[in-house]
Structures are given as structure tokens and as C-alpha cells.
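Chemist: What shape does this take:
(one chain, ligands or ions: 2)
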Amino acid sequence: MRQSQTAPEYFDEGALIGVLTAEPLDRMLDYKAPEGGCHLGAFVEVPLGPRKVIGVVWGAGKGDWDITKVRAAYRVLDAAPMRLEMRDFLRRSADYTLTPMNAMLRLATRAPGLGDPPSMRKIHRRGPSEPERMTDARQKVLNTLAEYGDLSFTLKELAELAGVTTSVVKGLVEQGAVAEEDSPRDLPFPRLDPSLPSKELTEDQAMASAYLADAVQSGNYGTTLLRGVTGSGKTEVYLEAVAAALRAGRQALVLLPEIALTAEFLKRVQERFGHRPAEWHSGATMTERRRIWRMIGQGQAQLVIGARSALFLPYQNLGLIVVDEEHDTSYKQEEGVLYSARDMAVLRASICGAHVVLASATPSLESWANAESGKYKRLELTSRFGPAVMPTMKTIDMRDAKLPANRWVSEVLKSEVQKRIDAGEQAMLFINRRGYAPITLCRACGHQVGCDDCDARMVEHRFQNRLVCHQCGESKEMPTKCPSCDAEGRMAPVGPGVERLGEEAAVLFPDARIATLSSDMYGSARALKAEIEAIAAGGADIVIGTQLVAKGHNFPNLTLVGVIDADLGLQGSDLRAAERTFQLMRQVAGRAGRAEKPGTAMLQTYQPEHPVIRSILEVDEEGFWRAQAAERKAAGVPPYGRMAGIIVSGTDLPQVFDLANHLARMDGPLRAVGAQIFGPAPAPIARVRGRHRVRMLVKADKTVALQGALSRWAAQVKLKGDLKLAIDIDPQNFY
Ligand code: ADP
Ligand code: ZN
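Modeler: Ligands and ions are numbered 1, 2, ... in the order given. Presented below is the predicted three-dimensional model:
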């Protein structure tokens, strides 16, 4: 699906055009240019069977279709045409991730009503009443509204999504089951003012921001790794790079892990530039999404703060991309299009001449290696801003703790927490496990409750009084008798989760105000953020949380972090286990002592001599990265080699294995480039949502063009039935 090099910039009415749609078809479709003609890159509405779909004019039509059967595009949509660099970006990211173009286009058009004229629109939500009589069609509409929660739709969008006629929706409006409201047209975002005063920068902050301002000003592509401990002022520095982009009349994008997109952060942006930026995240309504999409395309949104998919918005003139907490695993999308937003940010910037800032206290080994080799510029902020100093780090040897059953907080940690409470300070207890207990076991027969559809144990969530599967989200009531042997009242929780730790803390510290932060206790991400802000303002003495709380939140009065189980992430054979544990522990420890009071981090561990645990305590991080780099180099794995994960899945296990074995035997295209294939073997989680999963791993030299070989290899088989083959380039997870 390459765009022809000779494609003209404009097509007269009736000329043959090739249109890319987001429909799951493996080719472009030929149409005749609509009335008035169209530009290359224009968004058009075209007939497809009985439907109307949206597409992008990708080039001249192929002309391999019976010309008398070629239909005319209906119209050009009122949206800025997709720019050449965006088309390039989609094509090259499709090539890199081995994703079909239509799936890439879907990522780039995640906004409703793209073709609607800019005017007032009536939007539809669930109304207060029930329909007088329920029909299938009506049920579909109500299901659609329930499924999309608080998003709002026009009449047409709702009818289309539900697969019913608009009269069905109108009927529901009359009966009050669907409410109709007026929603304002898409407004431009207020102009941001880069000339408002910045904070007075320290010397190394000033040097870093001057370098970045120059780099942005130059208009050339480049990537900078901005390293500095939590609290060293990385945000202050990259906001100055944003200012430079705004002054140059270019757009800027700041990517954050979803959970780090806090009110506190937005307030800082507002203080620096006078207004709030555009926010692109999963909680944005359809109307907000549409507004952001359109305004970015018209250059009327200068700064976007968003989660990873903000990378696929139609920027007109992008000059800067910041990837904050660049090592964060949420930048890798693990479903649908398997892409790393960090890597795709670098690709996008290299196409449009933008600068990339990768900010982190604990960079990924990939970025560290690129900085080492000189591919990326490296800037360091060496100390915390102001009086704050790095926390003191210690281990607590749990072999000496001799805790009774069902207790996880050692005496040492307990007395340290008590000291903080007595001093009017905050303490945090950290455990990276959601729910109440990871295992529910029958004391009579030893049975462990598992998920019906996945090869995973179910986790007790006591607040919901349910067992939940963390793979597929399925839940069931807590059983009172064993599902295997029927024994009554013998089911028991084993091991701690964040909720159970909260319970223990309530016993150990009966007078303390304890806040347990678990994502499933706060219905929405917003409610959770509000709770975190209340805690930061002093609303709790002890904070108990999972890695949610490790991401970018600022607790000024927090002076102690106790890690309940520092060994947790070291189990398993994941090549990044050491790196991830190091990053997480450092990040969590960094929560302590952000303001004037120095902080302490204490790690409970059964293996204090473990090299990773020891390196976490070391002041010098470079040693850790160098040792990791040497290990990966020796093993020929990323970033010193190429890797792809292959997941074959389906409901019928023998078929899944047959296909995987067949593929493994047909390894000619891979061997031709010197790539090796490992497996097939059942995936560590061998069944998810009723589908069996078999994994293979392909490894190759750094210099090999692996994607081409992989697609030639995969093209040798036809997928029958419900079999699926997913190729995960640079896999981050191996479950
Ligand atoms: P990081 O992004 O590295 O975690 P931040 O930029 O959030 O660090 O800075 C930590 C805190 O210190 C913030 O409250 C920030 O406003 C403050 N700060 C950092 N640098 C300065 C400065 N030069 N002047 C005033 N306050 C600063
Ligand atoms: Zn499940």
C-alpha cells in the first residue's frame, strides 16, 4: 500500500483516486473524485456496499477495477487534508510494527463526526426514563450508550454506532429514554503565552533549557534524554522547551502516562502559559475529542498534553514532543496495534523536523544505550531542586523479621512509620499488588480458585466482595464453599494485596488516618486523582498503594516509604525484570522527602545481597546500567539485538499448536536473514478469554531488517477459523 511517488496533488472531478479507509480490507479502494475534485490527502466520504465510510485520498486509483463499476466519492469533508508527513508517519509506523494501514488510519481518526460542519450540534446521552416498550433496536441504542459511558453523540453517530435507523433514536428521545442537548461548536483553544515569566532556573536547569530551546529553534530533528532524579526540575526544563516551540510558532506535544495527567500538572502549565492546554486522554468526551482533533489540524491548539494515542493527532506544525517518564511501560500499547509511543514519537519527530525530549529519573535501557552511543544527546540535572535531597535508602532483611502468619510489616518498619506519625509527617507503604489477596485457597482440598476463561488465579477484591481475573476482568462472587470439594467455610485468602495491607496497617496503627489507594476503589481515574490530591494536601497519615502512586505524584509531607516486598518483580524470566524493579523501586523511593524534610526509603527483602537490590541502594546509577548493558549485549537481546514476539492464539489448542509448529518449520525467510526462532511453547499465561496462546520468539542481529523477513514468513500461512497471529516488534511483555 505504498503511495505512488508521482501522485498528483489534485484530482479533478471524476479522476480515479485511491482511497484508504479504516475498514478491515487489505487494499486501497478506487473511486472517482467527487464533485469539485479533491486534494491528495483529503478526507472524503465514500460509498462502501450500502454504507458510507470515511477515507483519505492516498494517491491515484490503481485502475485495476472495472471502470464502469467504480463509484464516485460522495464529498470532501470539512477537515484539513492529511498532510504528507502524517501519511508518511502512518506508512512508516505501519511498516515498523507490521500493522495493516487501515488499522493505522483508525488510530489517526479516533474522533467522531469528522465530517460534520462546524455548528451547534445536538448531542445524545442516556435519559432518565425507560422506553415504554423494549425492542431489539431500542436495546441496541441503550447498550451503546451504556458501553460508551459518559461520551456524547450526535443523532447520526449514535444511530450508526448502534446499527439502527435514526428514527429509533428519535423515538427514544420522545419517550425520555435518550436525552437530547445542545452542545457548542468546536472552539479554538486560547492562545498560550510563552512570554509569561518562568521560574528562576538553577544553573544546570538553565543550561539544559537553553540547549533544548536552541534545538527546537533549529527546526531539525534530534532527541535528548533528559535525566534527573524526581524533583530535580525536569518538568520546569521541558516547559521551557515548550515555550521555545510556541515562540517559533510550532505545536508541542507532552506525552504522560495516563495516571500522571493530574490537575497539579495542568495547573503548572496554566501558570507558565496563562491557559490550560488541550488534554487528550481516555476520559475525554467525544465532543472534546472532536474539538481537539479539528483544532490541532487547523493549528488552533498549540499544546497538547496527552496519553500515548495523542501521537496520532493531525498536527500541522509539530516542533516538540516530550515523553515524560519515558521508561514507563504504559507507553507500549499491548492490544490492537502493538506500538511503543516512545519509539513512534522519535519516528514522527524525525519525519517532521521536531525535537524529542525523553525525560526520566530512571531511563529505559534502550534510551540509555542510545545516549551512550551518541545517537541521543544527554542532559543531566544532578540534584533535587531547593533543599530537598535524595532519600536515604536501606534494606530490611526479612529473614530476621520472624513475622507471624498473615503479617507483612516488620517491627523495624512499623516503628519507623510510627515515628513519622508522631512527628506529624506522612509515611507510605508500597506493595505492587492490587486487590486483597492474590490467592484464594480451599483449606480442605488445596484447590485455588482460577478464572474460567484464563489460565490465571482469581484475585480477591474485598471492597467489591468479588474474585476478579486480572487478565480478562471477569469477576465472580466470593464462594462460601469450595468449587472443587464443596467443603463449607474453608476458603481462605493467601498472601497480601494492597487492600489486605491496609487492614494490617489499621491494626498496627489504630489512631492513624490511613488511605488505601487502589484503582478499583475509585470508579474513575478522575476520582482517584482527586483522592491523591486530597492526600497530598495532608488528608492522611499513612498512604497505602500500588504503582499507581509511584507515577509523578507529589506528596510534600511524605518522609518515609516502606516497600513491603522488594523481591516481587525479580521473579520470572523477563529480560527486563531487573530494569523494571530498579526503576520502580527508585521511583517509589523518590516519593519520600520532596520538600524541606529529608526522606527515607526502606525495602523489605529476603535477598538483600541480590545484585539488583544492592544496585538500588547505590548512589551511582551508571554502574547498574553498564552491568545491564553488558548482560544484554552478551545475550544479543534488545537494545543490542532485534527481537519479535509471535503469539498464535485460538479457541482450539491443537489447531493453535499445529499452526505454530507449521510456522516454525517454514522458517526459510527468517533463516535467510540469519534470524533465529525459539519455540513454539505455551505462553506463560496459556489461556486468556478462552483463547489458547502459544508463543515464539524471533531473535536477530541489530543490523538485520527483521520486519521484511517477518512479513514474508507470516505471509506463507493462511489463518483459518478463529486463529490469530500477532507479531509484537520489540516486545516488552512476555506473558
Ligand atoms: P521533576 O519533573 O524532575 O520531578 P519538577 O520540575 O516537578 O521536577 O520540580 C520539582 C518541584 O520543584 C516542583 O514543585 C517545581 O515547581 C519546583 N522547582 C523546580 N525547579 C524550580 C526552580 N528553578 N524554581 C522554583 N521552583 C522549582
Ligand atoms: Zn480471565
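
Chemist: Any residues of the stretch 1-150 of the chain in contact with ligand 1? List them.
Modeler: Residues of the stretch 1-150 of the chain that fall close to ligand 1, judged by C-beta under 6 Å from any ligand atom: none. Where you see a C-beta, it was placed from the backbone N, CA and C, and this is true even at glycine.

Chemist: where do the helices sit along the stretch 1-150 of the chain?
Modeler: Assigned by DSSP state H, counting those that start in this stretch, the helices in the stretch 1-150 of the chain fall at 84-97, 101-108, 136-147.

Chemist: Just say helix, strand or coil for residue 574.
Modeler: Counting by DSSP: H, G, I helix; E, B strand; the rest coil, the backbone at residue 574 sits in coil.

Chemist: Identify the residue nearest it in space, chain neighbours excluded?
Modeler: Leaving aside its chain neighbours, residue 574 sits nearest to residue 734 (5.5 Å; criterion: C-beta to C-beta, 6 or more residues apart in numbering).

Chemist: Phi and psi next, for the one you found.
Modeler: When quoted as degrees, to the nearest 10, the phi and psi of residue 734 stand at phi -120, psi 30.

Chemist: in terms of contact, does it touch residue 695 like I think?
Modeler: Yes. Applying C-beta atoms under 8 Å, one finds residue 734 in contact with residue 695, separated by 7.4 Å.

Chemist: higher neighbour count, those two?
Modeler: More neighbours surround residue 695 than the other of residue 734 and residue 695, with 24 against 17 (other C-beta atoms under 10 Å).

Chemist: Residue 141 and residue 164 touch, don't they?
Modeler: Yes. Applying C-beta under 8 Å as the test, residue 141 and residue 164 come out as touching, 6.0 Å apart.

Chemist: So for ligand 2, which of the helices of the stretch 1-150 of the chain sits nearest?
Modeler: Nearest to ligand 2, of all those, is helix 136-147, at 19.8 Å by C-beta to the ion.

Chemist: Report the buried residues of the closest one.
Modeler: 137-138, 140-142, 144-145 (16 or more other C-beta atoms under 10 Å).

Chemist: After that helix, which helix or strand is next?
Modeler: helix 155-162 (DSSP states H and E).

Chemist: Check which element follows that next one along the chain.
Modeler: helix 166-174.

Chemist: For the helix or strand just after that following helix, enumerate the helices and strands it packs against.
Modeler: Counting by DSSP H and E, the next helix or strand C-terminal to helix 166-174 is strand 178-183. Counting contacts by 3 or more C-beta pairs under 8 Å, 6 or more residues apart in numbering; DSSP states H and E, strand 178-183 is packed against strand 121-126, helix 166-174.

Chemist: Apply 6 Å and report the result again.
Modeler: Strand 178-183 sits against strand 121-126, with contacts defined as 3 or more C-beta pairs under 6 Å, 6 or more residues apart in numbering; DSSP states H and E.

Chemist: ok, back up a step: and which of the buried residues of helix 136-147 is nearest to residue 102?
Modeler: Lowest distance from residue 102 to the buried residues of helix 136-147 (C-beta to C-beta) belongs to residue 144, with 22.6 Å.

Chemist: Tell me the residues of the protein that contact ligand 1?
Modeler: Residues of the chain lying near ligand 1 (C-beta under 6 Å from any ligand atom): 199-202, 205, 228, 230-236, 385.

Chemist: Give me the longest strand you can find in the protein.
Modeler: In terms of residue count, the longest strand belonging to the chain (DSSP state E) is strand 676-688.

Chemist: if you skip the residues just before and after it, what's nearest to residue 29?
Modeler: residue 19 is the one closest to residue 29 (C-beta to C-beta, 6+ apart), at 5.1 Å.

Chemist: neighbours of the one you found, just the number please.
Modeler: 25.

Chemist: That one and residue 144, how far apart?
Modeler: Applying C-beta to C-beta, to the nearest Å, the value for residue 19 to residue 144 is 27 Å.

Chemist: My read is that residue 190 contacts residue 275, right?
Modeler: Yes. With contact defined as C-beta atoms under 6 Å, residue 190 and residue 275 form a contacting pair (4.1 Å).

Chemist: buried residues in stretch 75-87?
Modeler: Applying a neighbour-count criterion of 16+ other C-beta under 10 Å, one finds 75-77, 79-83, 85-87 buried in stretch 75-87.

Chemist: What I need now is the buried residues of helix 136-147 written out in a markdown table, including pLDDT for each item.
Modeler: Shown next, in a markdown table, are the buried residues of helix 136-147 (pLDDT from 0 to 100):
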| residue | pLDDT |
| --- | --- |
| 137 | 91 |
| 138 | 92 |
| 140 | 90 |
| 141 | 90 |
| 142 | 89 |
| 144 | 85 |
| 145 | 85 |
